[in-house]
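Trainee: this one's structure only:
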């Protein structure tokens, strides 16, 4: 298959320029935003494991990427309290983590943890740049420079990656590693060299220590290697070539075994070859506490209720039994086969996945819906990208003979198909960020199709590709700097977003600075606040009275005689989880248009 005729140097320069635009846009978009819901927790955990050799905080997010978060920082720059009830309590109750990071971020004089987190965001954007480079490289290798340019353009102007690449979160980090893992599998299927074998094993270990959904790499490795062994083509393996199924199956088994062994050691290395979370062997997690936590979440899902009576829980506990995965994880922990922190995090993640509140299209659910992520993709993906995917599918059906087939197509299509299927059957319906790993492969396929169309049709294809990319850039830049609440034009934009989805799709607590500015500019009003997030508005000098459902700490009593303004997170404006009388109150507030909308997600209303 011939490659597109673009000067390689020009292609590299153009791709580099697009990546620079991506980084500058991502940094600028988050320059004046407060920490999102999970970022302070992750940053506090990164600080503890890096500077205190302790893993008790945030075990549900493995540690590899957190080392990167705290890279280059000084232990003396932030003070923490590493003793007392909160410190000890993190070993027994995940809710205590919130007290710990809030103490670190907001209540310790002299600490500038918010500034330290902002610096960490600058490091995180580099992972997004590496992801862009990986997308460009793979598309280029498959179909030439034009494919690399188009693929990376769709990535660099994607609002979801602009929203999440700067955050101290592991969603983009996992996306990068999964892309690299599949690329290593792709190369191993063409010819397994010693270096490729080692890279594949290390990437598998990295996936298992960045996010627990990285466990998907295990069945992916086994499945892909088995498929490659059963293909009729000879398979080069180090100095040998497997010419029949038996030899190729042996090669596949060897690759899987070595990858499993190296990734197993990799996990222990990330936890510093220590079983317990602390250097003190007396301080350990109680894995048995996962049973009542898991049972409670299973009850939430079964009753589809946000709260349950003591009688309901008692009745449920009489019949509930942990499933195979929970029992297996507990046995692994009890026999010290893996670090206890990794096991604790996995058990907590698996056990609390059911019974997590999710909102979509006016209804609530405490268990996963199969259509959640297809709908989220349809409304959160830019319209230009959706149109491009539709045109690419039509083009593929019509001209598939000249497009990648066999091993190349399998490696580009397998992860998005498997990952989306896994997401659709999961109970975690909390945001588009949970399916970010499927997008790089879609961008590569778009680049491959565009390159073939440019070779086949020339100028007409160039016009179509240019219109799509200009439309994408226009829709995305119009949303700047508010990329978390982005919804595409067909879905009604951010104005309609809270009616469709909630949680990190709409408002993640990132716009406290915008509220602070509004209050400084309107000191004559008494502010009533319905906040969704983990921040403390008082840190930004915001003074308010809490509304029902608000997650902010109490601040002050209402000032009698002052006109009132109600500031409400988009996650509360249509929340079905609030008590009926609270929902009725918010409905009255929304009977008229808001007087202002801050950050496309904080709605301000006059008193009803």
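Mentor: That came through, no problem. Everything numeric here is computed off the predicted structure, so don't read it as measured data.

Trainee: Residue ranges in the protein under the pLDDT threshold?
Mentor: Within the chain, the stretches with pLDDT under 70 are 1-4, 242, 557-560, 576-577, 608.

Trainee: helix/strand/coil for residue 128?
Mentor: helix (DSSP: H, G, I helix; E, B strand; the rest coil).

Trainee: and it, how far is that from residue 206?
Mentor: Per Cβ to Cβ, to the nearest Å, residue 128 is found 17 Å from residue 206. From N, CA and C alone the C-beta is placed, and that goes for glycine too.

Trainee: ok, now residue 214?
Mentor: 8 Å.

Trainee: who touches both of these two?
Mentor: residue 177 (Cβ atoms under 8 Å, 6 or more residues apart in numbering).

Trainee: Now tell me what touches the helix or strand containing residue 379 from outside.
Mentor: Applying DSSP states H and E as the criterion places residue 379 in helix 372-380. Contact with helix 372-380 is made by 160, 358, 360-361, 386, 420, 423-424, 429, 431-432, 434-435, 486-488, 490-491, 497, 500-501, 505, as judged by Cβ under 8 Å, 6+ apart.

Trainee: mind running it again at 7 Å?
Mentor: Applying Cβ atoms under 7 Å, 6 or more residues apart in numbering, the contact partners of helix 372-380 are 160, 358, 360, 420, 423-424, 429, 432, 435, 486-488, 491, 500-501, 505.

Trainee: try stretch 416-434
Mentor: With Cβ under 7 Å, 6+ apart as the criterion, stretch 416-434 contacts 160, 164, 171, 216, 220, 301, 353-354, 356, 358, 367-370, 372-373, 376, 380, 435, 437-438, 441-442, 503-505.

Trainee: again, 6 Å this time
Mentor: Stretch 416-434 is contacted from outside by 160, 164, 171, 353-354, 358, 367-368, 370, 372-373, 376, 380, 435, 437-438, 441, 503-505, using Cβ atoms under 6 Å, 6 or more residues apart in numbering.

Trainee: end-to-end on it?
Mentor: End-to-end span of stretch 416-434 (Cα to Cα, to the nearest Å): 12 Å.

Trainee: in it, what's buried?
Mentor: 416, 419-420, 423-424, 426-434 (16 or more other Cβ atoms under 10 Å).

Trainee: can you name the two of those residues that are farthest apart?
Mentor: Maximum pairwise distance among the buried residues of stretch 416-434 (Cβ to Cβ): 20.7 Å, between 416 and 427.

Trainee: distance of residue 25 from residue 401?
Mentor: With distances taken as Cβ to Cβ, residue 25 is found 39 Å from residue 401.

Trainee: Pick out whichever of those two has more residues nearby.
Mentor: The neighbour count for residue 25 versus residue 401, taken as other Cβ atoms under 10 Å, is higher for residue 25 (22 against 6).

Trainee: Now the more buried one: which helix or strand?
Mentor: Element membership for residue 25 (DSSP H and E) is helix 8-30.

Trainee: on contacts alone, who are the packing partners of the next helix or strand after that helix?
Mentor: Per DSSP H and E, helix 8-30 leads on to helix 39-51 as the next helix or strand towards the C-terminus. Counting contacts by 3 or more Cβ pairs under 6 Å, 6 or more residues apart in numbering; DSSP states H and E, helix 39-51 packs against helix 64-69, helix 96-106.

Trainee: how many other residues sit next to the residue lying closest to residue 436 once chain neighbours are set aside?
Mentor: Once flanking residues are discounted, residue 436 sits nearest to residue 175: 4.8 Å by Cβ to Cβ, 6 or more residues apart in numbering. The number of residues packed around residue 175, counting by other Cβ under 10 Å, is 27.

Trainee: what about residue 175, is that helix, strand or coil?
Mentor: Residue 175 ends up helix, using three-state DSSP.

Trainee: pretty sure residue 483 is in a helix, no?
Mentor: No. Going by three-state DSSP, the assignment for residue 483 is coil, not a helix.

Trainee: Surely it is in contact with residue 163?
Mentor: Yes. Because the distance of 3.6 Å satisfies Cβ atoms under 6 Å, residue 483 is recorded as touching residue 163.

Trainee: Those two: who's more crowded?
Mentor: Neighbour count, other Cβ under 10 Å: between residue 483 and residue 163, residue 163 has more, with 31 against 25.

Trainee: can you tell me how far that one sits from residue 487?
Mentor: For residue 163, the distance to residue 487 - Cβ to Cβ - is 12 Å.

Trainee: next one: residue 33
Mentor: Taking Cβ to Cβ, one finds residue 33 at 18 Å from residue 487.

Trainee: Between these two, which is the more surrounded one?
Mentor: residue 487 (26 against 23).

Trainee: correct me, but the more buried one touches residue 497?
Mentor: Yes. Counting by Cβ under 6 Å, residue 497 is a contact partner of residue 487 at 4.4 Å.

Trainee: Where do the domain boundaries of this protein fall?
Mentor: Here the domain parsing of the chain from automatic domain parsing is 370-491, 500-606.

Trainee: Out of these, the one nearest residue 327 is which?
Mentor: Proximity to residue 327 (Cβ to Cβ) singles out domain 370-491 among these, at 18.4 Å.

Trainee: Quick one: end-to-end length of the closest one, please.
Mentor: Using Cα to Cα, the two ends of domain 370-491 sit 20 Å apart.

Trainee: for stretch 46-57, same thing?
Mentor: OK, stretch 46-57 end separation, Cα to Cα: 9 Å.

Trainee: ok now it, how far from the chain's centre?
Mentor: 22 Å (Cα atoms, centre = their mean, to the nearest Å).

Trainee: Same question for stretch 393-406.
Mentor: Counting by Cα atoms, centre = their mean, stretch 393-406 comes out at 31 Å from the chain centroid.

Trainee: same deal with stretch 384-401?
Mentor: 27 Å.

Trainee: Buried residues, it. List them.
Mentor: 384-385, 387-389, 391-392, 395-396.

Trainee: Among these, which one lies nearest to residue 464?
Mentor: residue 391 (7.4 Å).

Trainee: Quick check: the gap between the closest residue to that closest one other than its chain neighbours and residue 452.
Mentor: The shortest distance from residue 391 to any non-neighbouring residue, by Cβ to Cβ, 6+ apart, is to residue 464 (7.4 Å). Distance, residue 464 to residue 452, by Cβ to Cβ: 13 Å.

Trainee: more neighbours, those two?
Mentor: For residue 464 versus residue 452, neighbours defined as other Cβ under 10 Å are more numerous around residue 452 (26 against 17).

Trainee: ok, the more buried one - contacts?
Mentor: The contact partners of residue 452, taken as Cβ under 6 Å, 6+ apart, are 402-403.

Trainee: Which positions in the host helix or strand of it come out as buried?
Mentor: Using DSSP H and E, residue 452 sits in helix 439-457. By neighbour count on 16+ other Cβ under 10 Å, the buried set for helix 439-457 is 439-455.

Trainee: Let me see the ranges of the strands in the stretch 201-350 of the chain.
Mentor: For the stretch 201-350 of the chain, the strands defined by DSSP state E, counting those that start in this stretch cover 235-237, 240-242.

Trainee: no, scratch that, I was asking about the stretch 351-500 of the chain
Mentor: 358-360, 363-365.

Trainee: Between the ones you listed, which one is closest to residue 604.
Mentor: strand 358-360 (21.6 Å).
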